[in-house]
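Peer 1: just need the structure, nothing else, for what follows:
(chains A and B)
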Protein chains: 2
Amino acid sequence: MIIIDRILDMQALMRRCRREGKTIGFVPTMGYLHEGHAALIDRAREENDVVVVSIFVNPLQFGPNEDFARYPRDFARDRRIAEQHGADVLFHPEAGEMYPGPLTVQAVVKARTDVLCGRSRPGHFDGVATVLIKLFNIVMPDRAYFGRKDAQQVAVVDGLIRDFNFPIELVPVPTVREADGLAKSSRNVYLSPQERREAPALYQALQAAAAAVEGGERSAAAIRRLVREQIEAHTNAEIDYVDVCSYPDLAPLAVLEGTVIIAIAVRFASARLIDNLILELPKAPRQEE
Amino acid sequence: MIIIDRILDMQALMRRCRREGKTIGFVPTMGYLHEGHAALIDRAREENDVVVVSIFVNPLQFGPNEDFARYPRDFARDRRIAEQHGADVLFHPEAGEMYPGPLTVQAVVKARTDVLCGRSRPGHFDGVATVLIKLFNIVMPDRAYFGRKDAQQVAVVDGLIRDFNFPIELVPVPTVREADGLAKSSRNVYLSPQERREAPALYQALQAAAAAVEGGERSAAAIRRLVREQIEAHTNAEIDYVDVCSYPDLAPLAVLEGTVIIAIAVRFASARLIDNLILELPKAPRQEE
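Peer 2: This is a model prediction of the structure:
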């Protein structure tokens, strides 16, 4: 596995790969890799000639009171995991390489940001979109792999790729979970033992919601209430949001129909966790006038 | 010359060219081609295996009271000129192909827009940056050619390419002028015969400013005054701005030093014209404390 920390070196290598007709799969990460990332790398490995993993904790997507400084980092371990899963290239730039000075231009996400994490984290998706434009231009991939746990990110990236005509296929990969259902996340490391015991309640609440929908419940208000009650009953976390939206448009729904996302964010003492479930439901028939 | 109006066809062709190791030169235009555009195509022809010209009047870069609807169009003529100058591919998409629906993400230019045309045309450079991200991803060029007449655009595009790491070399090409000095522009067609006779006063005012600088004048206020007086003496146009800035940063200057742009915009009855002059001056020595 080659490790590259300079943008121009990366572009030169990728240009050579493209010249040789090789397909490039790209897994952008903020490091501290876990099985969720490994699943992305595995999938990229299956589908491409060359697999590039990037590790860059992007300051632009963190708010002033968020966890940029203490975001967990372990390059030696990340390197081992990436290599074990068959990555060919690890792109690991310094912040000064990615942002040598103030940006003169930035991406602004105009849709899908007034809900879910966009509401709680103003500017977050602008930072994500901006760094992804840069990374896409540096890596020039054929396919880019993103975890479904960050469902809103997947929707925003889908818009970014379409609207800006990046010649890239977006590949969303299912969420990987611990045995007890907790979605794998680099931020799980922040949890106290007690919080770790409570955290699977997010997944359980989503499962309870799925069961209610299975049983015929179609009211978004009822589903939100059910999920909130479950989380409040089994955790000491503060609920940031419990929302029911269309997917991938992320329009708030009153009645569940079509492709629907039930999304949760909660704040434990030192970790904000998110999870979600996407359901495929029949479209409700339109009422005749 | 191949004419393409679909994005996916364009990307497929360009991918094929890249596979074959061919270099791609790109001349983005809004059509109604004149000798200024021809100079861009000629230069691209000299420096690349494949030359792509795009013709797209980008609605996003026009303000609500600007001339989008009446911007001059003549595809048959454009096609002839592009072919005569050796273009290989003419990309000519409909607005609905470029903007099939509302954008979910947009580029916002954060620097260099509170001066010159950025101040008079709010949102203009956001629209330019957004369409260029799209066109760069569609054409995937090695080099992109822009006229120096739109000096602020060249500066903004330079920032766009650097900040977003587009693997593209920006090639600015000198302004082409009529025999009497008027900078070539698609919008010159709007001028009445009387305005056409007055319009060379812009270039003459810039030449007078250059002569004053040559003679030792270093005060930006004096240069601005000189240029204004010249334009007011020889035209009935309304002055939009006469500015003296550093280039390419576009910071307003009190004293001329380093690379300096003297830029003009004026409004005739039915045409807004711009022109500029870039001068290389020695840096003024810093005063000792």
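
Peer 1: would you mind measuring from residue A:195 to residue A:155?
Peer 2: When distance is defined by CB to CB, to the nearest Å, residue A:195 is 28 Å away from residue A:155. For every residue, glycine as well, the C-beta is placed using N, CA and C.

Peer 1: list, one by one, the residues from the stretch 151-289 of chain A near chain B.
Peer 2: A:156, A:159-160, A:162-167 (CB under 8 Å from any CB of the partner chain).

Peer 1: who wins for most neighbours among those?
Peer 2: Ranked by neighbour count (other CB atoms under 10 Å in any protein chain shown), these have residue A:156 at the top, with 29 neighbours.

Peer 1: can you name the residue of the stretch 1-150 of chain A nearest chain B?
Peer 2: Scanning the stretch 1-150 of chain A for the residue nearest chain B gives residue A:104, at 3.4 Å (criterion: CB to the nearest CB).

Peer 1: not counting sequence-adjacent ones, nearest residue to the closest residue to chain B within the stretch 151-289 of chain A?
Peer 2: Sorted by distance to chain B under CB to the nearest CB, the residues of the stretch 151-289 of chain A start with residue A:159, at 3.4 Å. Among residues not flanking residue A:159 along the chain, residue B:104 sits closest, at 3.4 Å (CB to CB, 6 or more residues apart in numbering or on different chains).

Peer 1: ok, now residue A:270?
Peer 2: With CB to CB, 6+ apart as the criterion, residue A:270 has its nearest non-adjacent residue at 4.7 Å, and that residue is residue A:190.

Peer 1: that neighbour against residue A:273, yeah?
Peer 2: No - at 9.0 Å, residue A:190 does not count as touching residue A:273 under the criterion of CB atoms under 8 Å.

Peer 1: so between those two, which is more surrounded?
Peer 2: More neighbours sit around residue A:273 than around the other of residue A:190 and residue A:273, counting by other CB under 10 Å; the figures are 23 against 19.

Peer 1: work out for me the element the more buried one sits within.
Peer 2: Under DSSP states H and E, the secondary-structure element containing residue A:273 is strand A:272-280.

Peer 1: residue boundaries of the strands in chain A?
Peer 2: For chain A, the strands defined by DSSP state E cover A:2-4, A:24-29, A:50-55, A:89-91, A:105-109, A:143-147, A:169-173, A:238-246, A:259-267, A:272-280.

Peer 1: pLDDT value on the residue of the stretch 1-150 of chain A closest to chain B, please?
Peer 2: With respect to pLDDT, residue A:104 scores 96.

Peer 1: which residues touch it?
Peer 2: Neighbour list for residue A:104: B:109-112, B:156, B:159-160, B:162-163 [criterion: CB atoms under 8 Å, 6 or more residues apart in numbering or on different chains].

Peer 1: and with 10 Å instead?
Peer 2: Contacts here follow CB atoms under 10 Å, 6 or more residues apart in numbering or on different chains; on that basis residue A:104 touches B:109-113, B:125, B:129, B:155-156, B:158-160, B:162-164, B:248-250.

Peer 1: could you do residue A:188 as well?
Peer 2: Residue A:188 sits next to A:32, A:34, A:72, A:178, A:182, A:195-196, A:199, A:271, A:273 when contact means CB under 10 Å, 6+ apart.

Peer 1: same list (the residues you listed) but as JSON lines, adding pLDDT.
Peer 2: Formatted as JSON lines, the entries for the contacts of residue A:188 read as follows, by pLDDT from 0 to 100:
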{"residue": "A:32", "pLDDT": "95"}
{"residue": "A:34", "pLDDT": "95"}
{"residue": "A:72", "pLDDT": "93"}
{"residue": "A:178", "pLDDT": "96"}
{"residue": "A:182", "pLDDT": "97"}
{"residue": "A:195", "pLDDT": "96"}
{"residue": "A:196", "pLDDT": "97"}
{"residue": "A:199", "pLDDT": "97"}
{"residue": "A:271", "pLDDT": "91"}
{"residue": "A:273", "pLDDT": "95"}
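
Peer 1: where neighbours are concerned, which of those residues has the most?
Peer 2: In terms of neighbours by other CB under 10 Å, these top out with residue A:199 at 25 neighbours.

Peer 1: just checking, that one touches residue A:264?
Peer 2: No - here residue A:199 does not reach residue A:264: they are 11.2 Å apart, not a contact under CB atoms under 10 Å.

Peer 1: hey, what's in contact with both of these two?
Peer 2: With contacts defined as CB under 10 Å, 6+ apart, the residues adjacent to both residue A:199 and residue A:264 are A:183, A:237, A:273, A:275.

Peer 1: those: which two are farthest apart?
Peer 2: Of all pairs drawn from the shared contacts of residue A:199 and residue A:264, the widest gap by CB to CB lies between A:183 and A:237 and measures 14.1 Å.

Peer 1: of the two, which one has the most company?
Peer 2: More neighbours sit around residue A:183 than around the other of residue A:183 and residue A:237, counting by other CB under 10 Å; the figures are 25 against 22.

Peer 1: chain A: helices as residue ranges?
Peer 2: Secondary structure of chain A (DSSP state H): helices located at A:7-19, A:35-47, A:75-84, A:95-98, A:116-120, A:124-139, A:151-163, A:193-198, A:201-214, A:220-234.

Peer 1: now do the residue nearest to residue A:159 against residue A:109, distance only.
Peer 2: In this structure, residue B:104 lies at 7 Å from residue A:109, with CB to CB as the measure.

Peer 1: mutual contacts of the two, please.
Peer 2: Taking CB under 10 Å, 6+ apart as the criterion, residue B:104 and residue A:109 both touch A:125, A:129, A:156, A:159-160, A:163.

Peer 1: who are the contact partners of residue A:264?
Peer 2: Taking CB under 10 Å, 6+ apart as the definition of contact, the neighbours of residue A:264 are A:116, A:183, A:201-203, A:205-206, A:209, A:224, A:227-228, A:230-231, A:237, A:239-243, A:273-277.

Peer 1: point out where the stretch 151-289 of chain A drops to low pLDDT.
Peer 2: Low-confidence regions of the stretch 151-289 of chain A, defined by pLDDT under 70, span residues A:284-289.

Peer 1: what are the buried residues along stretch A:243-262?
Peer 2: Within stretch A:243-262, the residues that qualify as buried are A:243-245, A:247-248, A:250, A:253, A:256, A:260-262, counting by 16 or more other CB atoms under 10 Å in any protein chain shown.
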